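K.L.:
Fold the stuff below for me.
(one chain, ligands or ions: 1)
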Amino acid sequence: MSRTVLDPHQVEAHNATRAADVRADYDALGEQLARRGIELDAIKARLAGFAVAVPSWGVGTGGTRFARFPGPGEPRDVFDKVEDCAVIQQLVRCTPTVSPHFPWDRCGDYRELREHAAALGLGFDAVNSNTFSDQRGQRLSYKFGSLTHTDAAVRQQAVEHNLEVIEIGRQLGSRALTVWVGDGANFPGQQHFGRAFERYLESARRICAALPADWQMFLEHKLYEPAFYATVIQDWGSSLLAAQALGEKARCLVDLGHHAPNTNIEMIVARLVHAGKLGGFHFNDSKYGDDDLDSGSVDPYRLFLVFNELVEAARSQGPDFRPAYMLDQSHNVTDPIESLMTSAIAVQRSHAQALLVDREALAGWQDANDALMATQTLQRAFHTDVTPLLQMLRLERGGAADPVGAYRASGYRARVAQVRPAAGPSSGIV
Ligand SMILES: [Mn+2]
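P.N.:
Predicted coordinates:
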């Protein structure tokens, strides 16, 4: 039995006043779905296997290029971050893993860190490397790139950092490395497109070769920023080319914010599934660019359409189809724990709604070229309020009927603010 950060009796008391309503709502939803030929308990059983990892960097207050406004009780180190992640998992029960970032999460003893997490019922998901910023005391600068730098010594340093992150991940029980590089150019002519891509492949090959047998390497693309003219791995096409060149262990990671506005992300998902190269996701939402807003807060229908493809893929690909799900968000004006809980539930909600799509009917409307009925079939699932299903899942697992309400009632933030010193205002992305 793992230790909980919040007093379980407090969560029980919170649930006691809500359990009867949740049961009544769940039964009503069950009746409604039964009329559509869907068995709610079966959907619940399928949804029980769903999990999304929490990013260690997400539990601290984020920032923009202009400023960061710290919140009270921010985690001091990776141990505090894991503690905050445990609060999230205790209340939502679909976030059993943490995705750490290095060197931000460096510590003296990774066995101790792994045990600290395990005692709280948490494991570690993909480890993330960082060659997009210079660290204090770093020998060579990444100002002009890292894995694709023109200087072999800089590339060597960047490869070695990734090898170190793999080794840390091995100690933490991780099974994947996520690599995003900001390498690219700010001016036409600054960089030879072909040679930069070749250098990326050469460096990535060396990283891939160092992966343990049961590991994967996730290649994360991003359209622009910090390279504003051309980024080496800028889109899913470059990412797929690289993953195919690197072989079996390399897969593409889709961050929902890393595309041009209005890009059809769900179609990219379908294409990567077709190529057998979909590795995982960084979930967030956006209005304009890489906004890193809370998942489902701006365009929940897009999130649903992504999961519609994933449920379809799970059907066609079988049990080996298991993309890694992670949140990747920056919380500037909210309590990060509240945002991460809400986002995890939003992603879980989209998955639940996608499970309700009548796929036989959809295929029939598609074959009959009945565009209206086909799209109505999706909308019917999307418009189904699955809240009682998600609540019931949480109640059955000891989570909270209303995670944000239970969290606020717990007084956790005020409590940790007393022991964690306030961070001073700082500028720039953190
Ligand atoms: Mn990301």
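
K.L.:
what helix or strand does the residue most central in space within the chain sit in?
P.N.:
Centroid-nearest residue in the chain: Met326, 1.8 Å away (criterion: C-alpha atoms, centre = their mean). Using DSSP states H and E, the element containing Met326 is strand 324-327.

K.L.:
So which elements touch that strand?
P.N.:
strand 54-55, strand 278-283, helix 336-355 (3 or more C-beta pairs under 8 Å, 6 or more residues apart in numbering; DSSP states H and E). From N, CA and C alone the C-beta is placed, and that goes for glycine too.

K.L.:
ok, the closest residue to the residue nearest to the centre of the chain other than its chain neighbours - contacts?
P.N.:
Distances taken as C-beta to C-beta, 6 or more residues apart in numbering place Ala53 nearest to Met326, at 4.3 Å, with adjacent residues excluded. Contacts here follow C-beta atoms under 8 Å, 6 or more residues apart in numbering; on that basis Ala53 touches Thr95, Thr97, Val98, Ser99, Asp125, Ala126, Ala324, Tyr325, Met326, Leu327.

K.L.:
from what I can see Ala346 touches Leu293, true?
P.N.:
No. Counting by C-beta atoms under 8 Å, Ala346 stays clear of Leu293, with 11.0 Å between them.

K.L.:
Can I get the helices and strands packed on strand 324-327 in a markdown table including distance to the ion?
P.N.:
Listed next are these as a markdown table, based on distance: least, C-beta to the ion, whole Å:
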| stretch | distance to the ion |
| --- | --- |
| strand 54-55 | 8 |
| strand 278-283 | 3 |
| helix 336-355 | 13 |
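
K.L.:
Which stretch among these is buried most, on average?
P.N.:
Among the helices and strands packed on strand 324-327, strand 54-55 has the highest mean neighbour count (mean count of other C-beta atoms under 10 Å), at a mean of 28.

K.L.:
Could you tell me how far that strand lies from the centre of the chain?
P.N.:
Distance, stretch centre to chain centre, for strand 54-55: 6 Å (C-alpha atoms, centre = their mean, to the nearest Å).

K.L.:
And stretch 400-412, by the same measure?
P.N.:
Taking C-alpha atoms, centre = their mean, the mean C-alpha location of stretch 400-412 is offset from the chain mean by 23 Å.

K.L.:
quick thing: my sequence starts at 16, can you match it?
P.N.:
Sounds good: first residue 16 from here, last item stretch 415-427.

K.L.:
thinking again about what came up before, bridge partners for the residue nearest to the centre of the chain, pull those for me.
P.N.:
Taking DSSP bridges, one obtains Ala68, His297 as the residues bridged to Met341.
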